[in-house]
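> Sharing a sequence plus its predicted fold:
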Amino acid sequence: MTSIIITTIISLLLSTITFTDNTLLEDSNYFKSAEKIIDSLSTNIQINNAKYFKAGWAKVNITPSYKLPLGGYGARKGAYVSEVLDSVWARGFVFDDGFNKYAIITLDALIVPPAVTKKLQYLLPEIGYDLSKIYLSATHTHCSMGGWADSWLGYQFAGEFDQQIVDDLANSIIVTIKNAEKKLSNAKVGFGSYDAGQFVRNRLVGDKGTTDPWFRLIKIQKEDGSIGLITSFAAHATVFSHRQMKYSRDYPGVLVDSLEHINKIEIAAFCAGAVGSHSPNVNGSDSYEKISNLSSGLYSLARENIDSIQLKSVNSMGSLLFDIPLREPHFRISQKLRIRPWLFNSLTEQSKSYLSILKIGDIILTGTPCDFSGELINNIETNANRLNHNIMVTSFNGGYIGYITNDKWYNIKGYETFTMNWFGPYNGSYFIYLINNLMEILI
């Protein structure tokens, strides 16, 4: 009997646990596949000169009228929303260059749920788009709707699954795009970035690491003088803790509301930047005061500089959606052992893993399917500037593969680098390589 039990335990362990894979990046099959795909793209993609450049924008209230869990913190254990502190929205921009229409959408949500992306793949062709022309992001507030993930792991962050919220979010995105299209008119675009380093800290390794300190701003101005703003910052929208049980947009919501009170600014949107490894760094007696101080600090930077942003005509546009070859799932239980991929996949919902690249004149937006670390931005931004382009890297583009962090911290047994780093070592270097090469294809 004892031998049967031992044999059963050994069989169970062998079927569920295996060794970690530390194959070097350049030697891995997924990297070699990525190289081939990039080489193919570089010879096949052509960027047309724009016939003209038109822009339109809209926003839609997406606050659910029915009961849902509050998404964002595992410590809530699937608890439901108590009430609305402030409404959550979908904000969208549509651009037309005479050849194609492109859209940028950002949700007041933890992420753009993969289930919503899957639904959009069916809905977008009905209005003349496909996923490659849609740039998705989220504010990453941890106080928005849950219920959008049909898996064990999804339940930990978003509570019990409800198909209705998936359908409603996808439909709201479609409505936002259609409403923005109705307001298309000739426009110009400008870019600015301002040092807001005092408001962000490296939560992973503190002063041993670096931060992405820049508050980035894209200004779109129509011929009638009306303005739309797209902003991005690397501090997690986690000023409110898990104890806050009301719908709220955290500091990004207060920021965009205040920007929309500036004369001629019709809409302001926020996309979570490279928030991996980064937390807000702000003083205050409570969360409300901290949100006020952080949002007012970013608002002041925008207010002081908006008028001086140089507007340019958009001579070319283009987009890429790059499906990322990845190592097998690497959910580690120790530095040398991980659960087998089949078990990881059974605990999570299937998610597309892709990079979204959108070129608007000399501005490159790059969407990542993860909490992308701000420590990785400097290399990418330096390369963009070398190519005479500005860049805005954002997280949560409609897929989700966990955290992508600086490779040198990979073996730290922490939340970002161990628990939420799902696809093995060297992904910091890998993503820098991918983004830099894809960017060059569109330039």
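Arrived safely. Numbering: from 1, shown residues only.

> hey, let's count contacts and neighbours off CA atoms from now on
Will do.

> Output the below-cut-off pLDDT ranges for this structure.
The chain contains residues with pLDDT under 70 at 1, 3-14.

> Helices along that one, start to end?
The residue ranges that make up the helices of the chain, judged by DSSP state H, are 2-16, 29-44, 114-123, 152-158, 163-181, 250-259, 287-305, 341-347, 377-386, 427-442.

> Put together CSV for the ones you listed, with distance to residue 413 and mean neighbour count on each row.
Listed next are these as CSV, based on distance: least, C-alpha to C-alpha, whole Å; neighbours: other C-alpha atoms under 10 Å:
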stretch, distance to residue 413, mean neighbour count
helix 2-16, 21, 11
helix 29-44, 25, 14
helix 114-123, 27, 19
helix 152-158, 19, 21
helix 163-181, 34, 20
helix 250-259, 29, 23
helix 287-305, 29, 18
helix 341-347, 19, 14
helix 377-386, 23, 16
helix 427-442, 17, 18
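
> I'd like those as CSV, with distance to residue 394 appended.
As requested, these are arranged in CSV below (distance: least, C-alpha to C-alpha, whole Å):
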stretch, distance to residue 394
helix 2-16, 35
helix 29-44, 21
helix 114-123, 16
helix 152-158, 20
helix 163-181, 18
helix 250-259, 14
helix 287-305, 17
helix 341-347, 26
helix 377-386, 10
helix 427-442, 12
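
> wait, which of the ones you listed is closest to residue 54?
Closest approach to residue 54 among the helices of the chain is made by helix 163-181 (9.6 Å; C-alpha to C-alpha).

> list the helices and strands the closest one packs on?
In terms of contacts (3 or more C-alpha pairs under 8 Å, 6 or more residues apart in numbering; DSSP states H and E), helix 163-181 is packed against strand 54-61, strand 89-96, helix 114-123.

> nearest to residue 72, of those?
Using C-alpha to C-alpha as the measure, helix 114-123 is the one of those that comes nearest residue 72, at 15.2 Å.

> Run through who's touching the closest one.
Helix 114-123 has contacts (C-alpha atoms under 8 Å, 6 or more residues apart in numbering) with 130-131, 148-149, 166-167, 169-170, 174, 350-352, 398-400.

> just to revisit the earlier point, any idea which of the helices and strands packed on helix 163-181 gets closest to residue 43?
Comparing those by C-alpha to C-alpha, strand 89-96 comes nearest, at 24.7 Å.

> pull the CA atoms of that closest one into PDB?
Extracted in PDB, the C-alpha atoms of strand 89-96 (Å, rounded to 0.1, in the frame of the first residue of the first chain):
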ATOM      1  CA  TRP A  89     -15.600  55.800 -19.000                       C
ATOM      2  CA  ALA A  90     -14.300  54.600 -22.400                       C
ATOM      3  CA  ARG A  91     -12.500  57.400 -24.200                       C
ATOM      4  CA  GLY A  92     -11.600  57.200 -27.900                       C
ATOM      5  CA  PHE A  93      -9.900  59.000 -30.700                       C
ATOM      6  CA  VAL A  94     -10.300  58.200 -34.400                       C
ATOM      7  CA  PHE A  95      -7.800  59.200 -37.100                       C
ATOM      8  CA  ASP A  96      -8.200  59.200 -40.900                       C
END
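
> mind checking which of the helices of the chain is nearest residue 371?
Closest approach to residue 371 among the helices of the chain (C-alpha to C-alpha): helix 427-442, 11.6 Å.

> can you state the direction angle for the closest one and helix 29-44?
Interaxial angle, helix 427-442 versus helix 29-44 (axes from the mean of the first three to the mean of the last three C-alpha atoms, to 10 degrees): 10 degrees.

> Out of the helices of the chain, flag the one nearest residue 80.
helix 152-158 (9.8 Å).

> Mind giving me the packing neighbours of the closest one?
By 3+ C-alpha pairs under 8 Å, 6+ apart, helix 152-158 packs against strand 70-71.

> out of all of them, which strand in this protein is the longest?
Ranked by number of residues, the top strand in the chain under DSSP state E is strand 185-195.

> Going by neighbour count, list what's buried in that strand.
Residues of strand 185-195 classed as buried: 185-193 (neighbour count, 16 or more other C-alpha atoms under 10 Å).

> Strands of the stretch 301-443 of the chain, start to end?
Using DSSP state E, counting those that start in this stretch, the strands of the stretch 301-443 of the chain run over 317-323, 337-339, 354-360, 363-368, 371-372, 390-395, 403-404.

> Just list what the fifth one packs against, helices and strands only.
Right, strand 371-372. strand 390-395, strand 403-404.

> Which residues does the first one contact?
Contacts of strand 390-395 from elsewhere in the structure, counted by C-alpha under 8 Å, 6+ apart, are 137-138, 191, 216, 232, 271-275, 362-372, 377, 381, 384.

> go on, the last one?
By C-alpha under 8 Å, 6+ apart, the list of residues contacting strand 403-404 from outside reads 276, 370-373, 416-417, 420-422, 427-428.

> Note down every partner strand of it and its orientation.
With DSSP bridges as the test, strand 403-404 is paired with strand 371-372 (parallel).

> For residue 429, give me its contacts.
406-407.

> separation between it and residue 26?
Distance, residue 429 to residue 26, using C-alpha to C-alpha, to the nearest Å: 10 Å.

> what's the answer for residue 400, then?
24 Å.

> now residue 163
41 Å.

> looking at the sheet around the nearest residue to residue 191 once chain neighbours are set aside, what are its partners?
Distances taken as C-alpha to C-alpha, 6 or more residues apart in numbering place residue 218 nearest to residue 191, at 4.6 Å, with adjacent residues excluded. Residue 218 has these beta-bridge partners by DSSP bridges: residue 191, residue 230.

> Please render the helices and strands packed on helix 163-181 as CSV that adds distance to residue 254 to the earlier fields.
As requested, these are exported to CSV (distance: least, C-alpha to C-alpha, whole Å):
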stretch, distance to residue 254
strand 54-61, 16
strand 89-96, 13
helix 114-123, 26
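
> Contacts only, for the closest residue to residue 140 other than its chain neighbours.
Once flanking residues are discounted, residue 140 sits nearest to residue 110: 4.0 Å by C-alpha to C-alpha, 6+ apart. Shown in contact with residue 110 (C-alpha under 8 Å, 6+ apart): 71-72, 138-144.

> Let's see which of these end up in strands.
Judged by DSSP E, those include 71, 138, 144 as members of strands.

> just checking, the second one touches residue 112?
What it means is residue 138. Yes. Using C-alpha atoms under 8 Å, residue 138 is in contact with residue 112, at 6.0 Å.

> where do the contact lists of the two overlap?
Listed as contacting both residue 138 and residue 112 by C-alpha under 8 Å, 6+ apart are 396-397.

> Hmm, residue 239 is touching residue 283, no?
No. Assessed by C-alpha under 8 Å, residue 239 is found out of contact with residue 283, at 10.6 Å.

> Common neighbours of those two, please.
Joint contacts of residue 239 and residue 283 (C-alpha under 8 Å, 6+ apart) are residue 290.

> These two - which one has more neighbours?
residue 239 (23 against 14; other C-alpha atoms under 10 Å).
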